[in-house]
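Student: Just to be clear, the model below is a prediction. Sequence and coordinates:
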Amino acid sequence: MAEQSSFDAGQARDAGERLRAAREAAGLSLAEVGTRLHMPVRIVQTLEAGDWQQLGAPVFVRGQLRSYAKLVKVDLEPLLDQVRMTPVQPVELVSRSHTSRFQRIAESVGRRAVYVVMTAALAIPVWLATQSHFGKDPRATASLDAPPPMPTTAATTTPNNAAPIAASLTPLPRAEAPALKLVFNADSWLTATTADGNPLEKGLVKAGEQRSYRAGEIARLVIGNAAAVEVQQTGSTVDVTPYVRGNVARLAVSSDGSLAPVAN
């Protein structure tokens with residue numbers, strides 16, 4: 001079960017007024033506060049207005065208030081300790097990127113079948129053409145790793161009807177790995193956005209779950225409780241600590257799956 005904050009409206013407005021007054025006394029603008037705290041200006045305005053219910057989960061609101069209060073040297077801890085927490089039912093996530101094990105196996109078998117058919121379509125005409133050129137003589141096959149046999153003293157010339165030696169160069173199929181993979185070791189909030197700005201996934205992800213994304217599928221990630229989430233890029237773990245502010249990681253994802261920080 002998640003937690004939702006129940007702030008007293010009067011206390012929230014009083015605290016917001018204290019933050020605004022302290023900011024003005026320090027000679028800071030809204031934009032300067034947003035830059036120092038790595039927050040959008042609209043969030044700074046909402047904190048000062050006392051309309052904290054619009055900012056989402058209480059863990060984020062408390063962290064933002066503590067950061068702002070520390071910057072302008074205002075003590076809000078007595079108020080934060082009095083905030084009431086009521087359990088609410090988390091939003092049920094519907095992941096459009098998650099596929100079942102049966103579907104992954106079916107897709108893998110389908111790709112292998114297509115590869116086998118294409119290989120046969122290319123190899124059979126070549127084999128028929130070779131048979132018609134050399135007649136009914138059998139064709140010898142040798143491994144590329146083995147050296148050719150040395151000629152004996154009894155046979156110093158090559159027979160005219162010697163069969164050619166052929167070796168198979170057909171590559172083995174490789175499994176396709178996701179460009180980006182998230183492993184959740186504890187309950188965390190996740191927002192995944194596509195390149196055109198549409199949300200692909202948004203809500204609470206339970207501990208033990210995973211998310212995989214193909215290259216170019218998403219353009220931005222926001223991960224709450226980022227310390228409990230392992231981010232892997234093409235199979236290698238990525239250190240997202242430089243992108244974390246207040247235990248929230250905001251990442252821009254390029255078309256090849258590489259990561260970069262997002263300011264807002």
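Tutor: That came through, no problem. Numbering: from 1, shown residues only.
Student: ok now do residue 208, which residues does it touch?
Tutor: Neighbouring residues of residue 208 by CB atoms under 8 Å, 6 or more residues apart in numbering: 184-185. Quick note: C-beta positions are derived from backbone N, CA and C, even for glycine.
Student: What does it show for phi and psi?
Tutor: phi 90, psi -10 (degrees, to the nearest 10).
Student: go on, residue 215?
Tutor: With angles defined as degrees, to the nearest 10, residue 215 sits at phi -60, psi 130.
Student: again with residue 201
Tutor: Per-residue torsions, residue 201: phi -160, psi 140 (degrees, to the nearest 10).
Student: Over to residue 129?
Tutor: Dihedral angles (degrees, to the nearest 10) for residue 129: phi -60, psi -40.
Student: count of neighbours near residue 119?
Tutor: 13 (other CB atoms under 10 Å).
Student: any idea how far it is from residue 129?
Tutor: Residue 119 sits 16 Å away from residue 129, going by CB to CB, to the nearest Å.
Student: cool, and residue 77?
Tutor: From residue 77 across to residue 129, the span is 84 Å (CB to CB).
Student: Enumerate the beta-bridge partners assigned to the residue nearest in space to the middle of the chain.
Tutor: Most central in the chain under CA atoms, centre = their mean is residue 180, positioned 3.6 Å from the mean C-alpha point. Following DSSP bridges, residue 180 is listed with bridge partners residue 213, residue 233.
Student: Got the domain ranges for this protein?
Tutor: As assigned by automatic domain parsing, the chain contains the domains 2-88, 180-261.
Student: Distance to residue 104 added to the ones you listed, as a markdown table?
Tutor: Listed next are the domains of the chain as a markdown table, based on distance: least, CB to CB, whole Å:
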| stretch | distance to residue 104 |
| --- | --- |
| domain 2-88 | 30 |
| domain 180-261 | 10 |
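Student: quick one: which of the ones you listed is nearest residue 106?
Tutor: Of all these, it is domain 180-261 that lies closest to residue 106, at 16.6 Å by CB to CB.
Student: Quote the end-to-end distance of the closest one.
Tutor: With CA to CA, to the nearest Å as the measure, domain 180-261 spans 15 Å from end to end.
Student: So for it, mean pLDDT?
Tutor: If you average the pLDDT over domain 180-261, you get 86.
Student: how about the strands in this protein?
Tutor: 2-6, 84-88, 140-141, 165-166, 180-184, 188-193, 199-205, 210-213, 220-224, 229-233, 236-238, 244-245, 248-253, 259-261 (DSSP state E).
Student: Can you lay out these as JSON lines showing distance to residue 108?
Tutor: Output for the strands of the chain, formatted as JSON lines (distance: least, CB to CB, whole Å):
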{"stretch": "strand 2-6", "distance to residue 108": "36"}
{"stretch": "strand 84-88", "distance to residue 108": "40"}
{"stretch": "strand 140-141", "distance to residue 108": "30"}
{"stretch": "strand 165-166", "distance to residue 108": "30"}
{"stretch": "strand 180-184", "distance to residue 108": "17"}
{"stretch": "strand 188-193", "distance to residue 108": "24"}
{"stretch": "strand 199-205", "distance to residue 108": "23"}
{"stretch": "strand 210-213", "distance to residue 108": "14"}
{"stretch": "strand 220-224", "distance to residue 108": "27"}
{"stretch": "strand 229-233", "distance to residue 108": "20"}
{"stretch": "strand 236-238", "distance to residue 108": "22"}
{"stretch": "strand 244-245", "distance to residue 108": "35"}
{"stretch": "strand 248-253", "distance to residue 108": "25"}
{"stretch": "strand 259-261", "distance to residue 108": "27"}
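Student: of all the ones you listed, which lies closest to residue 113?
Tutor: Set against residue 113 and scored by CB to CB, those come closest in strand 210-213, at 23.1 Å.
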